[in-house]
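Engineer: I need the structure of the sequence given here:
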Amino acid sequence: MTEANARDGAPVKLYRHPKSGHCHRVELMLALLDVPYETVDLDMANGAHKAPEYLRISPLGQVPAIDDNGVMLCDSNSIATYLADRYGDLGDWAGYTPIERAEVQRWLSIAAGEIFQGPCCARLVTVFGAPLDHEAAKAKADQLLAMMEAHLGRHDWLAAGRPTLADVAGYSYIAHAPEGGVALAPYPNVQAWLTRIEASPRFVAMASSPALA
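Structural biologist: Numbering: from 1, shown residues only. This is a model prediction of the structure:
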């Protein structure tokens, strides 16, 4: 399918919360691929994500979700992979070689695991008032950031010699870690990696909250 044919139809509809890093992960992917999209901000405080019509798109009532001209998908990493495959060069984003594909998958697992348990959960406490162990989340975040700092001292990007799904999946919660009380100052290589992502002419930022670190 050609790029022009793939983009026929209405813009991709992105259901989101504007301060969700999971949602920003998808929005960043859309922007980097230059895919037309429109956002639908759900009033989650009043249960819009549990409404029957939304549960038909996202059965667990979670954001993000997309409607791509009738293709309904949820889960941020799954959506990002779909978008890379449908609107980009999947090999470029997901890996051309077995080693690249394995590295991308490893970082997607880290995004769903350590990034969620660390900087994401720390920020859930401070930004959304989630009843989680803030100190434990911050400790996990610092452990993760120390590992990333060492890795990014040897590599410009997480999984390959170019931006991939790994970098898209990792960016949002790391960039906004200070909103959860996790300082980035001790990690200059991580900060330089964030700057490289932000230097893309198609980069789109996530709504921010006051930094606590």
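Engineer: measure stretch 29-37 end to end?
Structural biologist: 11 Å (Cα to Cα, to the nearest Å).
Engineer: before we move on, what SS does L73 have?
Structural biologist: Per DSSP: H, G, I helix; E, B strand; the rest coil, the secondary structure class of L73 is strand.
Engineer: which residues sit in contact with it?
Structural biologist: A65, I66, I79, Y82 (Cβ atoms under 8 Å, 6 or more residues apart in numbering). For every residue, glycine as well, the C-beta is placed using N, CA and C.
Engineer: quick one: it and A48, what's the gap?
Structural biologist: Distance, L73 to A48, by Cβ to Cβ, to the nearest Å: 18 Å.
Engineer: which one is the residue nearest in space to the middle of the chain nearest to, not counting chain neighbours?
Structural biologist: In the chain, the residue lying closest to the centroid (Cα atoms, centre = their mean) is R25, at 2.5 Å. Residue nearest to R25 in three dimensions, not counting chain neighbours: S76, with 4.5 Å by Cβ to Cβ, 6 or more residues apart in numbering.
Engineer: surely that neighbour meets I66?
Structural biologist: No. Counting by Cβ atoms under 8 Å, S76 does not reach I66; the two are 9.9 Å apart.
Engineer: what about these two, which has more around it?
Structural biologist: Per other Cβ atoms under 10 Å, whichever of S76 and I66 has more neighbours is S76, with 29 against 24.
Engineer: so who does that one touch?
Structural biologist: Here S76 is in contact with H22, C23, R25, V26, P64, A169 (Cβ under 8 Å, 6+ apart).
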